[in-house]
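Undergrad: Make a model of this:
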Amino acid sequence: MDSTMGYDRTENMPDTLLIVDDDELNRVILKEIFKDAYQIEEAENGQEGLKMLLEHGDRICGILLDVVMPVMDGMELLEELKRRALLPAAPVFLITADASGATLKRGYDLGVMDVISKPVIPYLVRRRVDSVVELFLSRRKMADLVQLQQKKLTEREMEILKLNKGMVEALATAIEFRSGESGDHVRRISGITQYMLGRTPLGKGIPEDLTELIALAAVMHDVGKIAITDSILNKPGRLTKDEFEIMKHHTILGAALLQKIPQLKNHRVYPYACDIARHHHERWDGKGYPDGLKGNEISIWSQVVALADVYDALVSERVYKKAFDPDTAVRMIADGECGAFNPELLYYFMEAERNLRSFYLTAREEAVRD
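TA: Next up, the predicted model:
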C-alpha cells in the first residue's frame, strides 16, 4: 500500500487484494490499477477464490469480486463466506456490469461493502477501494491494540494477585506458627477449597477466576487467631468452657480485622474472605458459631472451608493431639463426630478424599509419585 494511506508493511497487517473474475482482461485491468499498492492474488471463479481465502485469508485485505462466473458465481461465494463466518474479515467489492436494484440489495445483504459498475474508472475504483481497506485495517489495528492492552492488564492483575496471595499467606502462616502448627495448613485449606469448588459439582456456576479468589480467601480463614492469647492458642490440653468461648471469638475478630484493611475492601476477594473468616465454624444443623447459621444459610465456600479445616485438623499433628490416619479421619467425619455437614458436601468430599491426600505428600513422596 502506498504511503498516502499511512500504513507500514512491517506491521504484519494484511496487504493482498484478491481479484475473483473469470474474465482475464478484467483481472489484468484491476491488477494494473492496484499493483503498486498491494500484493495481488487472482482466481477465475468463486471456488478458486474460496480456496485462496481458506488458505491465505490472513493476508487478504480486500476482495474484488465479479458476479457472473462459472463453477461458483460471486453471490454463491458470498453466501459461503457468510455461512463460514469469514465476513467481514476483509471488505468485499462487487465489480459488476449488473448494478440493478436486486443485485445491489442481495450483495449488501450478504456483507458487500461497495458495488462498482463495469467498465471501471481507474482513479475512482482506486479511491473507493483504498478508503474502505484503510478503514478496515485501522479498525483491525485498533482491535489488536485493545487486545494487547487487555493482555497486559490481565498479566498485571495476575502479578498483583500473586503478590497479594504471597502477603496473605505470609500473614496466615505467621498466625499458624503462633499456634504451633505448620504453615502448610493454610495452603492445604486453600488447595482443598479450590479442588472442591473447581472439580466437583459443588462449584457449579462459579467461574474459574472466582474459584481462585475464594481459594485465596480461604487462606485468611483463621486470621482472627492473631488476637487470641498464646496461653489459649497453644494450650496442650482441652480448653475450659471460658477458654473455648474466647477461642470461638476468633471468627468475629477475623472478619472485623479484614474489614479494617482499606486496600482489601477494594479487592474482589474481600466479601469472600470476610464471610469465610466469620462462618467457617458454622454447622449444617445450626449448632456452630458465631451466628448459629444452618443449612444453606451458610455459603457453599464457607461450608467447604469448614470441612477442609476439620479434615486437616484430624490428619495433622497438633499441640493437643497426634495425627489420625486419613481413613480414620474420614470415618469420624462421616459418623458426625466432628459436627454436622451438608450431606451433598459430604458425598462429594468422600468421592474426592483420595485425591485430596496429595496435598499431604512430602517433597520426597511427590518426587517418587512423579
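
Undergrad: did I read that right, E41 in a strand?
TA: Yes - counting by DSSP: H, G, I helix; E, B strand; the rest coil, E41 falls inside a strand.

Undergrad: right, and it touches L18 too?
TA: Yes - at 4.9 Å, E41 and L18 qualify as touching, with contact defined as CB atoms under 8 Å. For the C-beta atoms, the positions are set from N, CA and C on the backbone; glycine is no exception.

Undergrad: For these two, list the residues in contact with both.
TA: Here E41 and L18 have 52, 60 as joint contacts, going by CB atoms under 8 Å, 6 or more residues apart in numbering.

Undergrad: So which of these two has more stuff around it?
TA: Ranked by neighbour count (other CB atoms under 10 Å), E41 and L18 place L18 first, with 25 against 19.

Undergrad: for that one, helix, strand, or coil?
TA: Per three-state DSSP, L18 ends up strand.

Undergrad: Surely it touches E44?
TA: No - taking contacts as CB under 8 Å, L18 lies outside contact range of E44: 12.0 Å.

Undergrad: Just the angle for whichever strand or helix holds K31 relative to strand 39-43, thanks.
TA: K31 belongs to helix 24-34 when assigned by DSSP states H and E. Angle, helix 24-34 to strand 39-43, by axes from the mean of the first three to the mean of the last three CA atoms, to 10 degrees: 170 degrees.

Undergrad: what angle sits between helix 24-34 and strand 16-20?
TA: 160 degrees.

Undergrad: Mind giving me the packing neighbours of helix 24-34?
TA: Secondary-structure packing of helix 24-34 (3 or more CB pairs under 8 Å, 6 or more residues apart in numbering; DSSP states H and E): strand 16-20, strand 39-43, helix 122-178.

Undergrad: Which helix or strand lies directly C-terminal to the longest one?
TA: Yep, that's helix 122-178 we're talking about. helix 184-199.

Undergrad: Contacts for that next one next, please.
TA: Contacts for helix 184-199 (CB under 8 Å, 6+ apart): 169, 172-173, 176, 202-203, 206, 208, 211-212, 214-216, 218-219, 221-222, 300-301, 304-305, 308-309, 311-312, 316, 345, 348-349, 352, 355-356, 359-360.

Undergrad: pLDDT value on M1, please?
TA: At M1, the model reports a pLDDT of 43.

Undergrad: ok, now M158?
TA: 64.

Undergrad: same check, this time on F177
TA: Taking F177 on its own, its pLDDT is 58.

Undergrad: same check, this time on A102
TA: 83.

Undergrad: What's the separation between it and K151?
TA: Here A102 is placed at a distance of 46 Å from K151 (CB to CB, to the nearest Å).

Undergrad: how about the strands in the chain?
TA: Per DSSP state E, the chain carries strands over the ranges 16-20, 39-43, 60-65, 92-96, 114-117.

Undergrad: Spatially central, which residue of this protein would that be?
TA: In the chain, the residue lying closest to the centroid (CA atoms, centre = their mean) is D209, at 5.9 Å.

Undergrad: contacting residues for it?
TA: Applying CB under 8 Å, 6+ apart, no residues contact D209.

Undergrad: quick one: it and L216, what's the gap?
TA: For D209 relative to L216 (CB to CB), the value is 11 Å.

Undergrad: before we move on, what about G49?
TA: Taking CB to CB, one finds G49 at 53 Å from L216.

Undergrad: more neighbours, those two?
TA: The neighbour comparison of G49 against L216 (other CB under 10 Å) goes to G49, with 28 against 23.

Undergrad: isn't that one right next to A43, touching?
TA: Yes - the pair G49 and A43 passes the contact test of CB under 8 Å, sitting 4.0 Å apart.

Undergrad: what touches both of these two?
TA: Counting by CB under 8 Å, 6+ apart, the residues touching both G49 and A43 are 18, 20.
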